[in-house]
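Colleague: Generate coordinates for the sequence data below:
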Amino acid sequence: MTQRESRGEGPDRPVLTRRERQRLATFDEIVELGRSMLRDGREVTLRALATEMGLTPPALYRYVKNPAALNELLSDAIFADVAREMVEAGEVYGDEDPAAQIVAAATAFRDWALDNKSEFQLVFVTNSLSGERTIRTESGSYPLSRGVSGTGSHGVELFADHFGGALARLSKQSPFPVPAPEELDPDFVAVHSQASEARSELAALLGKDALGMVWLFEFAWAQLFAIVTLEVYGHIRPQLIKSGVLFRAQMREIGSRVGMGDDWERLVEVSQAVAERRAKQRAAIV
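Modeller: Here you go, the predicted model:
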């Protein structure tokens, strides 16, 4: 996704000046080159990026002031692309089939992660272009927590809202048990006191049982992220990664908590169909 698209430029928007268009085009070039360097395993520094673009470092600083700003720019673009791929994977099933949308999105996320390990590492593991782990205790350090708390970047919110929206539609279509606040661990309740007061867009989206839904949402995300991370870093036998057997088992456990267990055979076919379509798309590109 380009900066022009992410900033909402379109036929119903004010016409940009030539200078504004040039500035957006430069942002697009920064993102394109930065992601290309990342995928090639090269160090993505402001100096290296400026050299690739034929700029001096001070000239590049007019667009990205420091490594943190570059990290945010690339991360938002990556998040937006992942969210787009998840949406496309579920579009064929429509909003009337949120269970299929959830499975399709999870499958697309896993497939993307296995194909784009360096970008997965930047966005979901290190949060740093240097490759150093920067996990901290603030909510802003955890990708989907930023979306849940309402303090996330545009890309993060797209990602969280896609899964959250599908979960909310599934709850309305086929109600499943949602834990009441008194049934939840007090530490979880304390951490998500803002969500319980529906101060974030996602919490509002999840409805009157927001806190219990956020618990189901984050528990599911923790399980999905765990299995995908283990697969990405090769901590599971290659044969099991190729077959997807552990991924499917994890998804079945997630689905059983939100009323998808009785429909699992069909949903396995959904997952397989998504993986096959993406494999064909990759083959066509090559």
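Colleague: buried stuff in stretch 177-193?
Modeller: Going by neighbour count (16 or more other C-beta atoms under 10 Å), the buried part of stretch 177-193 is 178, 179, 184, 188, 189, 191, 192. Yep, even glycine has a C-beta here, placed from its N, CA and C like the rest.
Colleague: quick one: residue 26 and residue 61, what's the gap?
Modeller: 12 Å (C-beta to C-beta, to the nearest Å).
Colleague: Those two - which one has more neighbours?
Modeller: Neighbour tally, residue 26 and residue 61, criterion other C-beta atoms under 10 Å: the higher count belongs to residue 26, 17 against 14.
Colleague: Can you name the element that comes right after the helix or strand harbouring that one?
Modeller: Following DSSP states H and E, one finds residue 26 within helix 18-39. Going down the chain from helix 18-39, the next helix or strand is helix 46-53, by DSSP H and E.
Colleague: Show me what the helix or strand following that following helix is packed against.
Modeller: Later in the chain than helix 46-53, the nearest helix or strand by DSSP H and E is helix 57-61. Here helix 57-61 touches helix 46-53, going by 3 or more C-beta pairs under 8 Å, 6 or more residues apart in numbering; DSSP states H and E.
Colleague: quick revisit: would you format the buried residues of stretch 177-193 as a markdown table with secondary structure included?
Modeller: As requested, these are exported to a markdown table (DSSP: H, G, I helix; E, B strand; the rest coil):
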| residue | secondary structure |
| --- | --- |
| 178 | coil |
| 179 | coil |
| 184 | coil |
| 188 | helix |
| 189 | helix |
| 191 | helix |
| 192 | coil |
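Colleague: and of the residues you listed, the nearest to residue 51?
Modeller: residue 191 (43.5 Å; C-beta to C-beta).
Colleague: how far away is that closest one from residue 100?
Modeller: 31 Å.
Colleague: Give the next helix or strand downstream of the lowest-mean-pLDDT helix or strand in the chain.
Modeller: Lowest mean confidence among the helices and strands of the chain (mean pLDDT, DSSP states H and E): helix 143-149, at a mean of 40. Proceeding N to C from helix 143-149, the next assigned helix or strand is helix 154-173, under DSSP H and E.
Colleague: residues making contact with stretch 103-121?
Modeller: 35, 38-39, 41, 78, 82, 85-90, 92-93, 124, 131, 162-163, 166, 224, 227-228, 231-232, 241, 244, 247, 251, 255, 260, 267, 270-271, 274-275, 278, 282 (C-beta atoms under 8 Å, 6 or more residues apart in numbering).
Colleague: Let me see the mean pLDDT of that stretch.
Modeller: For stretch 103-121, mean pLDDT rounds to 94.
Colleague: and if you look at stretch 174-193?
Modeller: 88.
Colleague: gap between that stretch and the chain center?
Modeller: 23 Å (C-alpha atoms, centre = their mean, to the nearest Å).
Colleague: Could you do stretch 276-283 as well?
Modeller: On C-alpha atoms, centre = their mean, the centre of stretch 276-283 falls 20 Å from that of its chain.
Colleague: Now that stretch: buried residues?
Modeller: In stretch 276-283, counting by 16+ other C-beta under 10 Å, buried: 277, 278.
Colleague: Same question for stretch 243-253.
Modeller: 244, 247, 248, 250, 251.
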